[in-house]
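*Asks:* Give me a 3D structure for the following:
(one chain, ligands or ions: 2)
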Amino acid sequence: MKETVAFSKNSANVFFHILTKCNLACRHCYINPEQHGHQTLALETIKAWLKPFAAQSRKANVIFLGGEPTLHPDLAAAIKYARQLGYASITVDTNGYLFHDILAKVTPDDVDFFSFSLDGATARTNDRLRGKGSFDQCIRGIKATVAKGFATSLIYTVSRANASELDRMPALLQQLGVERFFIQVIGLRGRSAGGGLSTVAGDNPQLTRAEWLERVPPVARAAADRGLTVTYPKVFLESDEIFECAGLVADNYFIFPNGRVYRCPLCEDFPVHSLRFETDRLVAADRLNERDFFKLSIPEGCVMNRLIQPDNIDAGPGVQGVTRIACCLLKEELQPG
Ligand code: SF4
Ligand code: SF4
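*Replies:* Ligands and ions are numbered 1, 2, ... in the order given. You can find the predicted model right below:
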């Protein structure tokens, strides 16, 4: 049974970019060091920045990201500190290279999920997007992680360059022992917006609404039938569905090494963050910022999709309230079976 996951006020999700450095240069990478910083955060800073979110929510989840977070020499210590602070779940998003022998430094009690990124069911397709050798290394990384008893998930970012292989993923993931499957829509930001994808995906790398509905939900169903929990973005709303902005009704924080803290991922390419770390204190950022825009109501749904990233998702025909753009954080979830 497909279910739209309601935004939760009872839990906070902390997406913590602890560095922006990466060993890969994926064509669709959204990391923007000019806006996000070039720093690798010191362990003491990571600890200080983890504290306020654990203190304010009884059920905070942290996702360590980069760049490639396993390039951070103190990732294991950061994970253990997050556990000590009482974070309800700890996830590490990785490209699979698993640097600094991270699997030997943490246990399945420390990490709830290692989440791998793969953008093709074959090396040919994945490596055109993520770099030569990245498919084989990611598969090796998944196998090593599963063999050590960790739970794993996989993120597949759908674009015109890899949509044709999406239906091969459920069998591959089942065979690898991956437990959760996250299907993402390509955002036209970062390198994608700068044309990074165009040579492999054409001028418009995003699927149309019709293509999305034709391809993605059936693959999600097939993956659930194979025992995976599947999450994919809602993307479009029908006229009888209620629009909500996660910036107003949920508790998500996107932290970058330069101290900016956003509530909306679509805003991350601009200095409109609503919070920032001033040394180790979390403070409100100057107005105007993203919070001032969340309240604006437009017929197309998500205001930032029109205002800040107007080239992103196209609402398509029937923009007058028939097809609207859902919050990019609104997800559908399918349970196994
Ligand atoms: S692995 Fe992630 S952070 Fe690194 S280049 Fe690719 S998308 Fe960007
Ligand atoms: S994506 Fe749109 S709806 Fe979602 S938090 Fe951002 S502004 Fe709000």
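
*Asks:* before we move on, which element is the nearest residue to residue 117 once chain neighbours are set aside in?
*Replies:* Using CB to CB, 6 or more residues apart in numbering and skipping residues adjacent in sequence, the residue nearest residue 117 is residue 155, 4.8 Å away. In short, each C-beta sits where N, CA and C put it, glycine included. Take DSSP states H and E as the rule and residue 155 turns out to sit in strand 152-158.

*Asks:* Would you mind checking the average pLDDT for the next helix or strand after that strand?
*Replies:* Sequence-wise, the next helix or strand downstream of strand 152-158 (DSSP H and E) is helix 169-176. What helix 169-176 shows for mean pLDDT is 98.

*Asks:* could I get helix 169-176 in CSV with only the CA atoms?
*Replies:* C-alpha atoms of helix 169-176 as CSV (Å, rounded to 0.1, in the frame of the first residue of the first chain):
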residue,chain,number,x,y,z
MET,A,169,17.3,-1.9,-9.6
PRO,A,170,14.9,-3.9,-7.5
ALA,A,171,16.5,-7.2,-8.5
LEU,A,172,20.0,-5.8,-8.0
LEU,A,173,19.2,-4.4,-4.6
GLN,A,174,17.5,-7.6,-3.4
GLN,A,175,20.5,-9.6,-4.5
LEU,A,176,22.9,-7.2,-2.7
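
*Asks:* going on from it, what's the next piece of helix or strand?
*Replies:* Past helix 169-176, the next helix or strand by DSSP H and E is strand 180-185.

*Asks:* Could you check the angle that next one makes with helix 169-176?
*Replies:* Strand 180-185 and helix 169-176 meet at an angle of 150 degrees, taking axes from the mean of the first three to the mean of the last three CA atoms, to 10 degrees as the criterion.

*Asks:* Who are the packing partners of strand 180-185?
*Replies:* strand 113-117, strand 152-158, helix 169-176, helix 209-225, strand 229-233 (3 or more CB pairs under 8 Å, 6 or more residues apart in numbering; DSSP states H and E).

*Asks:* Throw the ones you listed into a markdown table and include mean neighbour count, thanks.
*Replies:* As requested, these are exported to a markdown table (neighbours: other CB atoms under 10 Å):
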| stretch | mean neighbour count |
| --- | --- |
| strand 113-117 | 23 |
| strand 152-158 | 22 |
| helix 169-176 | 18 |
| helix 209-225 | 17 |
| strand 229-233 | 21 |
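
*Asks:* Just confirm the residue nearest to residue 117 contacts residue 130, I think it does.
*Replies:* No. Judged on CB atoms under 8 Å, residue 155 makes no contact with residue 130 at a distance of 11.6 Å.

*Asks:* intersection of neighbour lists for these two?
*Replies:* Here residue 155 and residue 130 have 117-118 as joint contacts, going by CB atoms under 8 Å, 6 or more residues apart in numbering.

*Asks:* Dump the host helix or strand of residue 282 to PDB, keeping only the CA atoms.
*Replies:* Under the criterion of DSSP H and E, residue 282 resides in strand 281-284. Output in PDB follows, covering the C-alpha atoms of strand 281-284 (Å, rounded to 0.1, in the frame of the first residue of the first chain):
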ATOM      1  CA  ARG A 281      25.700  29.200  18.700                       C
ATOM      2  CA  LEU A 282      22.700  28.600  16.500                       C
ATOM      3  CA  VAL A 283      21.200  32.000  15.800                       C
ATOM      4  CA  ALA A 284      18.600  33.500  13.400                       C
END
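
*Asks:* For that strand, list every residue counted as buried.
*Replies:* For strand 281-284, the buried set under the neighbour-count rule, 16 or more other CB atoms under 10 Å, comprises residue 282.
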